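K.L.:
Prediction below, plus the sequence it came from.
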Amino acid sequence: MRNWLVLAPAALMLSACGGGGADDATAGGDRNALAAQACKAAAESRLDGKLYELDTTALAASMKSAPNGEFFLTGPITIEPGLTSEVKQIVECSVRFTEGKDAPDVVGFVFNW
């Protein structure tokens with residue numbers, strides 16, 4: 001019984017701090033998360049259905065303002081993880097927020113070797 005009383009609060013604390021993983025960047029709907037999701041969609045559209053791993057939380061955290069009013073995000077992506085054709089690259093993505101639109105527009109996107 002004593003072990004249960006110690007483990008239950010610890011488990012609750014861990015679940016409260018843990019978040020939903022690398023793909024849970026839209027929690028809260030903040031601008032960084034929305035930008036990361038737009039960049040993720042841009043990556044998917046260029047990968048022709050290939051498997052990939054992209055940490056949208058890290059991508060969201062990287063968002064920086066550009067002088068022209070756009071926002072720049074960058075982060076690692078692994079294409080075809082675990083396969084012999086696995087490739088690690090860097091995603092570089094620029095987005096622009098438009099008043100009245102929920103999601104930003106992707107205005108620049110590249111995979112950087």
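P.N.:
Yep, it's here.
K.L.:
got any ranges where the chain has weak pLDDT?
P.N.:
For the chain, the stretches flagged by pLDDT under 70 are 1-29.
K.L.:
Output stretch 103-113 as PDB, nothing but the C-alphas.
P.N.:
Provided in PDB are the C-alpha atoms of stretch 103-113 (Å, rounded to 0.1, in the frame of the first residue of the first chain):
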ATOM      1  CA  ALA A 103      -2.700  29.100 -40.100                       C
ATOM      2  CA  PRO A 104       0.400  30.900 -41.400                       C
ATOM      3  CA  ASP A 105       1.400  30.700 -45.100                       C
ATOM      4  CA  VAL A 106       4.700  28.900 -45.800                       C
ATOM      5  CA  VAL A 107       6.700  31.300 -48.000                       C
ATOM      6  CA  GLY A 108      10.000  29.500 -48.100                       C
ATOM      7  CA  PHE A 109      11.100  25.900 -47.500                       C
ATOM      8  CA  VAL A 110      14.200  23.900 -48.100                       C
ATOM      9  CA  PHE A 111      15.900  20.700 -46.900                       C
ATOM     10  CA  ASN A 112      19.500  21.700 -46.100                       C
ATOM     11  CA  TRP A 113      22.100  18.900 -46.200                       C
END
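K.L.:
Check which residues of it are buried.
P.N.:
Neighbour counts over stretch 103-113 (16 or more other Cβ atoms under 10 Å) mark 104, 106, 109 as buried. In this view, the C-beta of every residue, glycine as well, is placed from N, C-alpha and C.
K.L.:
all strands of the protein, in order?
P.N.:
52-54, 64-65, 71-79, 87-96, 105-112 (DSSP state E).
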